[in-house]
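> Predicted model follows, preceded by the sequence.
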Number of protein chains: 8
Amino acid sequence: MNEEKILSIIEQIRKKEITDEEALALLKILPYENIDFACIDHHRSIRTGYPEVIYSEGKTNSQVKEIAERLSSNNKVIMATRANDELFNFLKPYFDKITYNSLGRIIIIGDIPNPVTEERVLVLTGGTTDIPVAEEAAITAEAMGSSVDRLYDVGIAGVHRILSKIDLLRSANVIVAVAGMEGALPALAAGLVARPVIAVPTSIGYGANFKGLSALLTMINSCAPGVATVNIDNGFGAGYLAAIINQGKRSL
Amino acid sequence: MNEEKILSIIEQIRKKEITDEEALALLKILPYENIDFACIDHHRSIRTGYPEVIYSEGKTNSQVKEIAERLSSNNKVIMATRANDELFNFLKPYFDKITYNSLGRIIIIGDIPNPVTEERVLVLTGGTTDIPVAEEAAITAEAMGSSVDRLYDVGIAGVHRILSKIDLLRSANVIVAVAGMEGALPALAAGLVARPVIAVPTSIGYGANFKGLSALLTMINSCAPGVATVNIDNGFGAGYLAAIINQGKRSL
Amino acid sequence: MNEEKILSIIEQIRKKEITDEEALALLKILPYENIDFACIDHHRSIRTGYPEVIYSEGKTNSQVKEIAERLSSNNKVIMATRANDELFNFLKPYFDKITYNSLGRIIIIGDIPNPVTEERVLVLTGGTTDIPVAEEAAITAEAMGSSVDRLYDVGIAGVHRILSKIDLLRSANVIVAVAGMEGALPALAAGLVARPVIAVPTSIGYGANFKGLSALLTMINSCAPGVATVNIDNGFGAGYLAAIINQGKRSL
Amino acid sequence: MNEEKILSIIEQIRKKEITDEEALALLKILPYENIDFACIDHHRSIRTGYPEVIYSEGKTNSQVKEIAERLSSNNKVIMATRANDELFNFLKPYFDKITYNSLGRIIIIGDIPNPVTEERVLVLTGGTTDIPVAEEAAITAEAMGSSVDRLYDVGIAGVHRILSKIDLLRSANVIVAVAGMEGALPALAAGLVARPVIAVPTSIGYGANFKGLSALLTMINSCAPGVATVNIDNGFGAGYLAAIINQGKRSL
Amino acid sequence: MNEEKILSIIEQIRKKEITDEEALALLKILPYENIDFACIDHHRSIRTGYPEVIYSEGKTNSQVKEIAERLSSNNKVIMATRANDELFNFLKPYFDKITYNSLGRIIIIGDIPNPVTEERVLVLTGGTTDIPVAEEAAITAEAMGSSVDRLYDVGIAGVHRILSKIDLLRSANVIVAVAGMEGALPALAAGLVARPVIAVPTSIGYGANFKGLSALLTMINSCAPGVATVNIDNGFGAGYLAAIINQGKRSL
Amino acid sequence: MNEEKILSIIEQIRKKEITDEEALALLKILPYENIDFACIDHHRSIRTGYPEVIYSEGKTNSQVKEIAERLSSNNKVIMATRANDELFNFLKPYFDKITYNSLGRIIIIGDIPNPVTEERVLVLTGGTTDIPVAEEAAITAEAMGSSVDRLYDVGIAGVHRILSKIDLLRSANVIVAVAGMEGALPALAAGLVARPVIAVPTSIGYGANFKGLSALLTMINSCAPGVATVNIDNGFGAGYLAAIINQGKRSL
Amino acid sequence: MNEEKILSIIEQIRKKEITDEEALALLKILPYENIDFACIDHHRSIRTGYPEVIYSEGKTNSQVKEIAERLSSNNKVIMATRANDELFNFLKPYFDKITYNSLGRIIIIGDIPNPVTEERVLVLTGGTTDIPVAEEAAITAEAMGSSVDRLYDVGIAGVHRILSKIDLLRSANVIVAVAGMEGALPALAAGLVARPVIAVPTSIGYGANFKGLSALLTMINSCAPGVATVNIDNGFGAGYLAAIINQGKRSL
Amino acid sequence: MNEEKILSIIEQIRKKEITDEEALALLKILPYENIDFACIDHHRSIRTGYPEVIYSEGKTNSQVKEIAERLSSNNKVIMATRANDELFNFLKPYFDKITYNSLGRIIIIGDIPNPVTEERVLVLTGGTTDIPVAEEAAITAEAMGSSVDRLYDVGIAGVHRILSKIDLLRSANVIVAVAGMEGALPALAAGLVARPVIAVPTSIGYGANFKGLSALLTMINSCAPGVATVNIDNGFGAGYLAAIINQGKRSL
């Protein structure tokens, strides 16, 4: 703990256990070594209260295991995203509480926290092929302590489907809208309710979809206010953002 | 007339008014000189029954006048697209029946034909800024003999607006959907009724709209079947296509 | 039926079988629950009279079978697009009338309807490699009740080939023009006859073709009026649009 | 009010003031005419409690005045975005309470509401040229009832500047990060605190910036979770989204 | 032969063997049926004097064999481009004179013609990885009757290499310059000698080369006059063009 | 003259007028100082026999005059491309023989040479708006000593127009095909005759033409062999290349 | 000074002038408040020894004046880049030593330092239109204390020009190569000498140059090692980088 | 040796062992044959003092062996980049001193030189997946005689990590910054210290990263001066450039 370390230096100064020069040397490196940052390693992990996250793609099974073991010592819950069956079977013997959501390709080690708010996240998809990305978002938000509703296959080409569920939209605090092809779902949702809509383009589609670029541009150009967009297929990013919006500052 | 010309050559042969060599020479150039093409000059004009069209942009007032005078000798109605007030005032003294639709930037010389079918074309826009392109489409279709309904400012961000007019959509034979920004209107329309939807992306929008490219990609990627797309801001092309679909083969 | 339901509520009100509050509750959900939409699920299926369509790519054989069985209960004909031999062999034992067109990669379950109009759709290709996409279009239009003519390998690099078949072009009500490489075929066709031309870019080609983008841009920029474009390789979309144009409003 | 209208119809039925047919006719149009949508016209306006918004660009001064007068009858505050001095001077005589923020190019008609929450929005910019877009965001959020802090010119090229203000970042509930050139500011902010970061690329920059495309791509590719992106230069969209996140569901 | 056919119709007319109506019918189809086009099927083959060409990629071995057999009946030499060892071994038993150039991936069936001119084509490459495309060009030109010199691995990064061979450049009538990566070789060559330079971008390179797009743009932007560009990796097209330039009109 | 200079050094050596060291110093700089390059300054000028060329765009009138005066001392003919009326009027007083082609924006100072060959260059355009670029090509080729035929407004949308002039195509030795919009003219021409076709995309068009990029891609993807492409609107480059092809090696 | 401040806190602790809590509070903010960064404001200025830089574009004359006055109090030399005559005339009365290089669009206030090393920077351009960008680079390097040689108009289309000056290349320590159009100059230079080459693409060119994108891609794809690229037209960036390379660590 | 050759020719002239004509012939080819270029073959190799380099990708094991054997005769150290285990095992028996760095995919044959300067190169990466490219850079610089420090996984999303190592940055003479995803690391580094930063975008990332294009654009748009960019994943190019900067002119 940072404060303790500083206090101990102060004490050493007072007790004259260290010279001025030694104190100066210790304090000069303080800025960088001991910064009380919210997160020790923010790149892959998330600050206290949220699960640690391992991005599995491009890592060997052993590497994931090793990282997970190190993290599990002082974290209640760990997520491994972009996982697969093989990785799950590899990890299973090493951890007590471990579950795998194959649709969302996420392994959870430890206990998913109880929801920290009564507000809810709603995850929408335009088609059935968008579901893996949607599940990545949904499970991420759940693992971070949000309650999540799912409403799939309600794309623009059959507008009656989303309208028939408008109560679900109205009861949501944050909406994640996942869509490929022409990607108009987020604008449709933002036109129906005035809550934040996190748009996730997917690489689903063919021809001039250009691996999600077309859907990305559609979402960025949304004429309905209240929409912001994350990277193509980035379900994790959307779920993370939905959770921190949904839980507000109180959760931190 | 082609047949007459060929018959006259046959007669000349029979009457021995021409030698074999002369007949051969005449007949050899037949393929190219006398082809009974639907249109003499298809690039800017349209075959019999449809108005001749002059694309005014990039032409001087005098050039437009000259072409219009030449065409008006054997055409009942002539359209000048991408026109402006100045051109209209320039042309007015030279033609008897001449009107100008400033919204659609089209000058009509002559009489708009009576509708050739009871079926109707419906022109939609996402926003009010798309109206000039929509009017170009609507007036083109009217000048070609179609009845046209207009329904403007019914974009995706307020889906109730188009739903409240669903009877108009259902009564249409062909739909022209004009939209900029995210360009989702054609897919919305095609999801509501099973009639052809001609999508017109507009260069309206800002930021990552890239002068209509984003809307174009959205429309090309439409997941609702029944949609096909014309060039950015190409109201004329959409209106022309709508008219020939609406009037069927009977009109030719 | 909607009207009946509303009338029954009116009756219940008159007969005082329900309170004001109960009537209010029933009527408030009316908008979404009972909308008399043309299609129940438009995304993958097509309204009465047209076959139901399953997009097979990305679905397991079992998933396709399950959907097909559910749809076949109240549909005369079902299409599975982007199919393959393996899927066909898998499905064969489960359905009585089932055929597979391997060129167009389409499985048909049930009876193709008799043509609903004497007008005909003409499908053109620029080269032989464009044929699979063209067949997808042709069979789709046939399965929806249109008569289809085919004219393949008549691209711009040998313009005499399409000219020698000009009667076929003149007899067509709707033209589908499928082409890769430089993609000039739709403009050529639209320059020859004044009927709707649906342009389908294909991903055929190499180098700077960029998987069909070049052909797509060519078609969108067509200077001949009467052309509109669908997505790269989207034979189904072109065939569907050709059929609804060809059959007119009468068919619905 | 919707419920009242339905109740009045129920009463008319009970009192037999209308026939069954008349009741049916009234109730059939209910879905579209009377839907209790969050917003009557969501495209340009915002639901009760939030100001109505007029996008001024591309509208004449008279058009803006006319719309503003119509809206001001039943709205406490109206915003006109992308305004300029000329428009402000034109409008001034017609409205009592009217102010103009020239940096953010926003005219406010009426009273800015008191903040509805103690939480705060923080608006950051990478450079001084990004300030107009940032002010558009800040004033939008304020006009919608949020308290806003501003921290400008703290881009990545001098990382000590943002670090020296880390307390401001930590006290924010929502962050709007506006940046052009390489656009790395949102990722930097998201790496420092675990609150939602709304990224706004600006068209500031030269050469390969391509009018903001480069900054947009950077932001979409952010490796720090918690970032979502709006359109290039879309300060209004970012401010609107920040406000609805900041105020939570309570405010609606 | 066309002239003969027309003459025979003329004779039939004179001899009254056919009626006017019959003559008209025969002559009306003349334009399309009998046009004396330079090439019967120009798409894949090349007119008399030049070899017929089969583009092998995407064709089965049997298809290539079948086409080759049909063509070999009235052609002295046939080329199959984009071939491979397997295809060559498959074809060998069926043809007497057959050779395979594995570097250029071209199979030649029949006798390569003697050069029709003393002028020479020079094929350059920037690096060794460009050689397959260069060989496709060289062998194509040779098979069409041109003498070809080769000068490989003389790219811009070691400008002394091409300078040391300037006599070879000066003696060339046409130059084909094949290069990937930054693609500056054609401009370098065009700056040294005033003869036509056909630029062939290759997909060689990595990173921002974008499969040859970068080299293509460089070549199109060449500031040295005398350069024109063919498609990425299109060695055949460059070799064909070089040959028809080199041989002049005399050869046709 | 190079040889003379070397011979004089040899003589100085023999006569011992210079020491070994002096001889070495003189000979060491030989490579760069005295290289017998075809052209002294190839960037803007063209070797002996061809006119010197000044690219006027971006130069002041005085700069053009100065360069022209310097060049005219030892050149029979000088061209200034991308010129305008103002420049012509400025230059007129200073030069005896000076003419201005306003369509092609080229000023000629001196005498256009007599044609050096009986072969002819044919310049085609798709539309009338492509004519300025075509004239730049035509006049450049004429100024370099080629005879040029012009055939304008023969684009793909009215294929009968080019067919009716097929004799002109057949008599050409080199074809320059200038086209905007979909840019299919070069492929059409190359499909009709087996002579070199130099394709010039123009920036004419609107919407998704992207200032000529679409036409450029079409031309690069041409499926007809015999086509190579120069930069957008680069009439000079096409005319220069046509001339050196047309005149063969004899002219140099 | 940082160390002094820390020492004074240590002393206060020792002397018990502050409590533990007060010491903790002081030390906790140390990281951000007192970091001994090389530069106080690195975004627009440059650390001691180098001139302060003002990017003038987009700033009013008064703003530039104000910033310049503030900076001149403790800087020997200040540069204003992207300046123009009007700005220079505005600033002249306010500063003693002020000069304007109109070619490079740079105003210098104060004394250009004497060179800090004998090594030299060489600035090359492909054409004459690249000179403004080159001058921006050259003057920047000079103002930072480097000696600069200039060698202009030595592009790839006339390779003999750069070869004739090879001694200049060999004597350079760092090369800045500025080029538009096809942008091959940096690779040519890097192929001749093994010193760092900083490539600057310019927006010079037309057609498919796409405002410098083509030249940028060429330079990034350079096959000669030793080349790195800065933004389009970014002469300042290249000159700055050249100076810090040229002067080595000794100069800081 | 060049000078010797020229001197021998001078001697032959003096001794009249050759005639004037013979001397002329010998001296005329001098420019190209005997130019004293810095490098004989610069494309793949590097001049004396630096190791020869073989780019292994796309070469067979035998080809690499053959080239390596030829080069090893007169070079102390040879590098084979983009190598793999298989190639290393293949080469091992043939060379005495051979080592393989599998992370950087580089094989070294011979002895790495002792550092030629006390200055150091620092290689940074944003994440762990960027390490292979970074190692390619680091080992290249070492093999060329530079001392290299490594600091990996210090990306923008956790800015405290790079700050805690600021002394390492300050002690570096040249920095290589390798990053994928949003690619902001080079700007961060250049904002901290005023030494040259060579930016290497990597193809690491997903979605809208477009195989490194996004990172490349970010780096090119860097607002911090002192940054220049090499091709995507081009670790070798960055390491080479870092070494020649680090070692200065003295090393050549």
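On my side now, so go ahead.

> which intervals of chain A have sub-threshold pLDDT?
A:1-5, A:25-49, A:74, A:250-252 (pLDDT under 70).

> Do a quick rundown of the helices in it.
Taking DSSP state H as the criterion, chain A carries its helices at A:2-14, A:20-28, A:30-33, A:61-72, A:85-91, A:131-143, A:159-163, A:166-170, A:185-192, A:213-220, A:235-247.

> Select, out of the ones you listed, the one closest to B:Ser72.
Of all the helices of chain A, helix A:213-220 sits nearest to B:Ser72, with 44.8 Å by Cβ to Cβ. (C-beta placed from N, C-alpha, C; glycine too.)

> Please identify which of the helices of chain A is closest to E:Ile10.
Using Cβ to Cβ, those put helix A:213-220 closest to E:Ile10, at 60.2 Å.

> Adding distance to chain H and mean neighbour count as columns, could you present the helices of chain A in TSV?
Output for these, formatted as TSV (distance: least, Cβ to the nearest Cβ, whole Å; neighbours: other Cβ atoms under 10 Å in any protein chain shown):
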stretch	distance to chain H	mean neighbour count
helix A:2-14	12	16
helix A:20-28	10	16
helix A:30-33	4	18
helix A:61-72	9	16
helix A:85-91	17	15
helix A:131-143	10	26
helix A:159-163	25	22
helix A:166-170	26	17
helix A:185-192	16	28
helix A:213-220	6	29
helix A:235-247	9	28
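
> residue contacts, the nearest residue to A:Thr99 once chain neighbours are set aside?
The shortest distance from A:Thr99 to any non-neighbouring residue, by Cβ to Cβ, 6 or more residues apart in numbering or on different chains, is to A:Ile108 (5.1 Å). Counting by Cβ atoms under 8 Å, 6 or more residues apart in numbering or on different chains, A:Ile108 touches A:51, A:77-79, A:98-101, A:139, A:143.

> repeat that with 7 Å
Going by Cβ atoms under 7 Å, 6 or more residues apart in numbering or on different chains, A:Ile108 touches A:77, A:79, A:99, A:143.

> Pipe the helices of chain A into CSV and attach distance to F:Glu11 per row.
Conversion of these to CSV gives the following (distance: least, Cβ to Cβ, whole Å):
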stretch, distance to F:Glu11
helix A:2-14, 87
helix A:20-28, 77
helix A:30-33, 75
helix A:61-72, 78
helix A:85-91, 84
helix A:131-143, 83
helix A:159-163, 94
helix A:166-170, 97
helix A:185-192, 85
helix A:213-220, 71
helix A:235-247, 80
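
> out of those, which comes closest to chain D?
Closest to chain D of those, according to Cβ to the nearest Cβ: helix A:235-247, at 4.2 Å.

> Could you name the helices and strands sitting against that closest one?
If you count contacts as 3 or more Cβ pairs under 7 Å, 6 or more residues apart in numbering or on different chains; DSSP states H and E, helix A:235-247 packs onto helix A:131-143, strand A:174-179, strand A:197-201.

> can you list these in JSON lines and add distance to E:Ile156?
Converted to JSON lines, the helices and strands packed on helix A:235-247 look like this (distance: least, Cβ to Cβ, whole Å):
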{"stretch": "helix A:131-143", "distance to E:Ile156": "45"}
{"stretch": "strand A:174-179", "distance to E:Ile156": "46"}
{"stretch": "strand A:197-201", "distance to E:Ile156": "40"}
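
> Of all those, which one is nearest chain E?
Minimum separation from chain E across the helices and strands packed on helix A:235-247 (Cβ to the nearest Cβ) falls at strand A:197-201, 21.6 Å.

> what's the spacing between the residue in chain A positioned nearest to chain D and D:Ala199?
Closest to chain D within chain A is A:Ala228: 3.5 Å, counting by Cβ to the nearest Cβ. Going from A:Ala228 to D:Ala199 by Cβ to Cβ, to the nearest Å gives 8 Å.

> Need the overlap of contacts for the two.
D:228-229.

> one step back: are any of the contacts of A:Ile108 buried, and which?
A:77, A:79, A:143 (16 or more other Cβ atoms under 10 Å in any protein chain shown).

> so the second one sits right up against A:Ile106, yeah?
Yes: with contacts counted by Cβ atoms under 7 Å, A:Met79 reaches A:Ile106, the gap being 5.8 Å.

> what number of residues lie near the closest residue to chain C within chain A?
Relative to chain C, the nearest point of chain A is A:Gly207 (3.2 Å; Cβ to the nearest Cβ). A:Gly207: 23 surrounding residues under other Cβ atoms under 10 Å in any protein chain shown.

> what separates the residue lying closest to it once chain neighbours are set aside from B:Leu216, distance-wise?
Spatially, and ignoring its direct neighbours in sequence, A:Gly207 is nearest to C:Ile232 (3.2 Å; Cβ to Cβ, 6+ apart). The gap separating C:Ile232 from B:Leu216 is 13 Å, by Cβ to Cβ.

> do the same with A:Asp233
Separation of A:Asp233 from B:Leu216 (Cβ to Cβ): 23 Å.

> A:Glu66 too?
48 Å.

> ditto for A:Tyr100
41 Å.

> What sits closest to A:Val206 if chain neighbours are left out?
Val isn't right for residue A:206; it's Tyr. Per Cβ to Cβ, 6+ apart, closest to A:Tyr206 is C:Asp233, 6.5 Å.

> contacting residues for the one you found?
Counted by Cβ under 7 Å, 6+ apart, C:Asp233 has contacts A:206-207, C:133, C:202-203, C:212.

> Any chance of JSON lines for those residues, columns distance to A:Ile10?
Listed next are the contacts of C:Asp233 as JSON lines, based on distance: Cβ to Cβ, whole Å:
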{"residue": "A:Tyr206", "distance to A:Ile10": "65"}
{"residue": "A:Gly207", "distance to A:Ile10": "67"}
{"residue": "C:Val133", "distance to A:Ile10": "77"}
{"residue": "C:Thr202", "distance to A:Ile10": "75"}
{"residue": "C:Ser203", "distance to A:Ile10": "70"}
{"residue": "C:Gly212", "distance to A:Ile10": "69"}
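
> on that earlier part again, tabulate the helices and strands packed on helix A:235-247 (a markdown table), appending distance to chain F.
Compiled in a markdown table, those are given as follows (distance: least, Cβ to the nearest Cβ, whole Å):
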| stretch | distance to chain F |
| --- | --- |
| helix A:131-143 | 30 |
| strand A:174-179 | 24 |
| strand A:197-201 | 21 |
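
> quick one, which of the ones you listed is nearest to chain B?
So among the helices and strands packed on helix A:235-247, strand A:174-179 is nearest, using Cβ to the nearest Cβ, at 9.1 Å.

> residue of the stretch 51-200 of chain A with the smallest distance to chain E?
Counting by Cβ to the nearest Cβ, the stretch 51-200 of chain A gets nearest chain E through A:Gly58, at 19.2 Å.

> Quick check: phi and psi at that residue.
phi 80, psi 0 (degrees, to the nearest 10).

> how much space between it and A:Leu87?
In terms of Cβ to Cβ, A:Gly58 sits 12 Å off from A:Leu87.

> likewise A:Ile131?
From A:Ile131 to A:Leu87 the distance is 20 Å (Cβ to Cβ).

> What of A:Leu185?
In terms of Cβ to Cβ, A:Leu185 sits 31 Å off from A:Leu87.

> Likewise for A:Arg150?
Distance, A:Arg150 to A:Leu87, by Cβ to Cβ: 24 Å.

> A:Glu119 too?
Distance, A:Glu119 to A:Leu87, using Cβ to Cβ: 33 Å.

> of all the helices of chain A, which lies closest to G:Ile166?
Across the helices of chain A, closest to G:Ile166 is helix A:213-220 (Cβ to Cβ), at 46.1 Å.
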